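>>> return a 3D structure for these sequence lines:
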Amino acid sequence: MTATAQIRLTQFAAGGGCACKVPPGELERVLAGLPGGRAGAGTDAAGDLVVGLENGDDGAAVRIEGGRALIATADFFTPVVDDPYDWGRIAAANALSDVYAMGGEPVLAVNLLAWPRDRIPFELAREVLRGGADVCVEAGCHLAGGHSIDDPEPKYGLAVSGLGDADRLLRNDAARPGTPITLTKPLGLGVLNNRHKATGERFEEAVATMTMLNRDASRAALAAGHTAATDVTGFGLLGHLFKMARASGVTAVVDSAAVPYLDGVRASYAAGYVPGGSRRNLDWVRPHLAADVGEDELVLLADAQTSGGLLVAGELPGHPVVGEFVAAGDTAVVVRA
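Below is the predicted model:
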């Protein structure tokens, strides 16, 4: 085994993957009141911005000629796995997901790379970039250039631009009462990634899940005429569902027994492998939560995902319905056993 093969990338970062996101409550307080960035206000192009900061959607969208929308997003994070090629694939799939979550198709991406050159051999960065490039090829998205810096912690991701129909975007403020809630990937990625970071154990199903593009689910949602979706990443199922319910003025009811999990998640959770971000997610949602399940189940439902699936307001063949949106009430999320 070579010296570089023995390097565990996850040991060079305090957090990992989307679990290292800024807590949602803190982020919202910082963004509140900032000028610009809101649809139809604040610039000479008033009205062209169709999705902005208002509801914390997956990307920003601007109406351009021909009735199309230009969708822009950026996403990067510290290593979630030790294998550099897999980390690159996961980070790229996660960044592209923001475009798919809005019903768009990614067109162009650029790399975002931070690397501690004095601590980790720089040739490993090439493997990270190769992983990102291979996923962009799979997505049919150009990857060209980007930006790199010397940094104490390794970080990688993409800034992505995509195109969609300006009048048929999937938005997080368009869920309606009586609509089923579909989840397109199982949960538990945060728990398994936390165990991987602590022990070095490799979870092939988790890697396969994180590198799977949300392209097919996005296209299926559009083909079915659905209008509301978001992806499940660092704020967990409960966090992202709360944001969608709040933005849409509805309440989300979750059937906890219908929520799928990756193999080994419950055993890993019972062994104490839980990202701190998962508990912070639950603390943020708790004031708006009504539940008749236990604390452990709620933590799993709030587990901080990396490159998770789509939450779609509507049914998608082949994917489980995990609840429904109902008329607005006193709470935004209800969890039932």
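>>> show me what contacts the most centrally placed residue in the chain?
Centroid check for the chain by Cα atoms, centre = their mean gives Thr233 as the closest residue, at 2.9 Å. By Cβ atoms under 8 Å, 6 or more residues apart in numbering, the contact set of Thr233 is Cys18, Lys21, Asn94, Ser97, His240, Ala304, Gln305, Thr306, Ser307, Gly308. All C-beta atoms are positioned from the backbone trio N, CA, C, and that covers glycine.
>>> let's go with 7 Å and repeat that
Cys18, Asn94, Gln305, Thr306, Gly308 (Cβ atoms under 7 Å, 6 or more residues apart in numbering).
>>> swap in Ala252?
For Ala252, the contact set (Cβ under 7 Å, 6+ apart) comprises Ile181, Leu241, Ala245, Gly323, Phe325, Ala332, Val333.
>>> and Val253, what element?
strand 250-255 (DSSP states H and E).
>>> can you tell me the average pLDDT over that strand?
Across strand 250-255, the average pLDDT comes to 97.
>>> kindly report the same for stretch 161-168.
For stretch 161-168, the per-residue pLDDT averages 97.
>>> residues making contact with it?
With Cβ under 7 Å, 6+ apart, stretch 161-168 has contacts from 50, 63, 67-72, 99, 102-108, 222.
>>> same check, this time on stretch 302-309
17-19, 80, 90, 93-94, 97, 183-185, 187-191, 193, 210, 214, 217, 231-234, 236-239, 275, 277-278, 281-282, 285.
>>> do the same with stretch 207-219
Under Cβ under 7 Å, 6+ apart, the answer for stretch 207-219 is 81, 86, 89-90, 93, 96-97, 100-101, 103, 135, 138-139, 184-186, 189, 231, 262, 306-307, 309-310, 316.
>>> please redo it, this time with the cut-off set to 6 Å
The contact list for stretch 207-219 (Cβ atoms under 6 Å, 6 or more residues apart in numbering) reads Asp86, Arg89, Ile90, Ala93, Ser97, Tyr100, Ala139, Thr184, Lys185, Thr306, Ser307, Leu310.
>>> how far does it stretch from start to finish?
Start-to-end span of stretch 207-219 (Cα to Cα, to the nearest Å) is 23 Å.
>>> so which bits of that stretch are buried?
Neighbour counts over stretch 207-219 (16 or more other Cβ atoms under 10 Å) mark Val207, Thr209, Met210, Thr211, Met212, Leu213, Asn214, Arg215, Ala217, Ser218 as buried.
>>> in CSV: those residues, plus pLDDT.
Shown next, in CSV, are those (pLDDT from 0 to 100):
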residue, pLDDT
Val207, 98
Thr209, 98
Met210, 98
Thr211, 98
Met212, 98
Leu213, 98
Asn214, 98
Arg215, 98
Ala217, 98
Ser218, 98
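>>> show me the residues you listed that map onto helices.
In this view, those that belong to helices under DSSP state H are Val207, Thr209, Met210, Thr211, Arg215, Ala217, Ser218.
>>> any idea which element the closest residue to Pro116 other than its chain neighbours lies in?
Nearest non-adjacent residue to Pro116, counting by Cβ to Cβ, 6 or more residues apart in numbering: Pro152, 5.5 Å away. Using DSSP H and E, Pro152 sits in no helix or strand.
>>> what does Leu300 give?
Using DSSP H and E, Leu300 falls within helix 295-301.
>>> name the surrounding residues that touch that helix.
Here helix 295-301 has contacts from Leu237, Leu238, Ser256, Ser278, Leu282, using Cβ under 6 Å, 6+ apart.
>>> these two touch, right, the fourth one and Val191?
No: taking contacts as Cβ atoms under 6 Å, Ser278 lies outside contact range of Val191: 7.6 Å.
>>> look at these two and report which has more neighbours.
Comparing Ser278 with Val191 by other Cβ atoms under 10 Å, the one with more neighbours is Val191, at 31 against 27.
>>> doesn't that one belong to a helix?
Yes: counting by DSSP: H, G, I helix; E, B strand; the rest coil, Val191 is found in a helix.
>>> is it in contact with Ser268, as I believe?
Yes: counting by Cβ under 6 Å, Val191 does reach Ser268; the two are 5.0 Å apart.
>>> what about the helices in the stretch 151-300 of the chain?
189-199, 204-211, 215-223, 236-248, 265-270, 276-285, 295-301 (DSSP state H, counting those that start in this stretch).
>>> so for the shortest one, what gets flagged as buried?
This means helix 265-270. Result for helix 265-270 [16+ other Cβ under 10 Å]: buried residues Val265, Ser268, Tyr269.
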